[in-house]
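**Student:** need a 3D model of the following:
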Amino acid sequence: MYIAIWIIAGVIFLYLLTSFLIANGIAMSLRRPLTMTPASFGLSYEDISFYSRSDNMLLKGWYIPTGSNKTIIAMPGGKQTREDRSTKLLELCVDLAKRGFNTLVFERRGCGESQAAKFNCRSILGRDFIGAIDYIRNRNGAEESIILLGVSIGASAAIASARENNDIKAVICDSCFTSIPEMTKRVLANTFKPFVIFKPGAVIMGKLFFGLDKESAIDKVPYIKCPIFFINGSLDKSVPPYDAYSLLNASNNPSDEIWIADGAGHSQSYMTYPDEYVDRIAKFLADKTE
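**Tutor:** Down below sits the predicted model:
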């Protein structure tokens, strides 16, 4: 009897420990060196820093001024730097600046040159976007039109921020996943399918120890007043097009739009169709923010 109890207790302990380690691995910081800047493409820019709202994490980024009264704030996905070579986010920001938008691109907490967050605040990324919004408001004034652009987890952070800031003009969500638990399951399945058994434990540990949001993007989009442009690759296996359609339906805003980029993988729509990607964003913003 006692042996059975010890075996059960041991299994539970190992499950919880493994779940904690998985959650920690997902939330932990990652430092990557910067290899390029906007100057690499002939644009003037500023190295900037600002603090996240509420918990005051020091965040680093680039600001490309164009003299416009519209600013696009961009956050990369994963644990990438502000240049994000995997999606060419820097080139996207350069292209948007050439279309006349002031552009601010920055690294979320714990990545690149931004400050690592405290243990229990690693996953509260919406505060980082809000800190960037505060920076632009203080710099350019209350009348500045602000657009949020996020890729993957950056898109989820943009949704979280837009829910709390009713003065945002538009949100561009590239490869945004609907559900935190479902995305956790996908990450585990892509690593090693049997790991899926740890999904419930990893989500619980993320919420208990790392500040993982109790709500997912699908829960937040119905409360966002500004138009959202959902972008997804048709061949995205990490965040399938179904997620974009589900978010669109949950938002139920007639001003929202969606583009499924044919043949593009996860967060690869700009890489696959750079000119069309920028054209579609520029048209969307011209129609929705004038």
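**Student:** in the stretch 1-150 of the chain, which spans are helices?
**Tutor:** Using DSSP state H, counting those that start in this stretch, the helices found in the stretch 1-150 of the chain span residues 2-27, 89-98, 126-140.
**Student:** reformat these as JSON lines; add mean neighbour count and mean pLDDT.
**Tutor:** Every residue, glycine included, has its C-beta placed from N, CA and C. As requested, those are exported to JSON lines (neighbours: other CB atoms under 10 Å; pLDDT from 0 to 100):
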{"stretch": "helix 2-27", "mean neighbour count": "13", "mean pLDDT": "88"}
{"stretch": "helix 89-98", "mean neighbour count": "23", "mean pLDDT": "98"}
{"stretch": "helix 126-140", "mean neighbour count": "21", "mean pLDDT": "95"}
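**Student:** out of those, the one nearest residue 286 is which?
**Tutor:** Proximity to residue 286 (CB to CB) singles out helix 89-98 among the helices of the stretch 1-150 of the chain, at 12.7 Å.
**Student:** name the residues that touch the closest one?
**Tutor:** 36-38, 40-41, 43, 62, 64, 66, 72, 74, 76, 80, 82-84, 103, 105, 151, 270, 274, 277-278, 281-282 (CB atoms under 8 Å, 6 or more residues apart in numbering).
**Student:** then stretch 133-140?
**Tutor:** 48, 50, 53, 69, 71, 73, 102, 104, 144, 146, 148, 161, 165, 168.
**Student:** hmm, try it at 7 Å
**Tutor:** For stretch 133-140, contacts defined as CB atoms under 7 Å, 6 or more residues apart in numbering pick out 50, 53, 71, 73, 104, 144, 146, 161, 165.
**Student:** closest one of these to residue 205?
**Tutor:** Checking the contacts of stretch 133-140 against residue 205 with CB to CB, the nearest one is residue 161 at 24.4 Å.
**Student:** for the closest one, phi and psi?
**Tutor:** The phi/psi pair for residue 161 (degrees, to the nearest 10) reads phi -70, psi -40.
**Student:** quick one: it and residue 148 touch, right?
**Tutor:** Yes: at 6.2 Å, residue 161 counts as touching residue 148 under the criterion of CB atoms under 7 Å.
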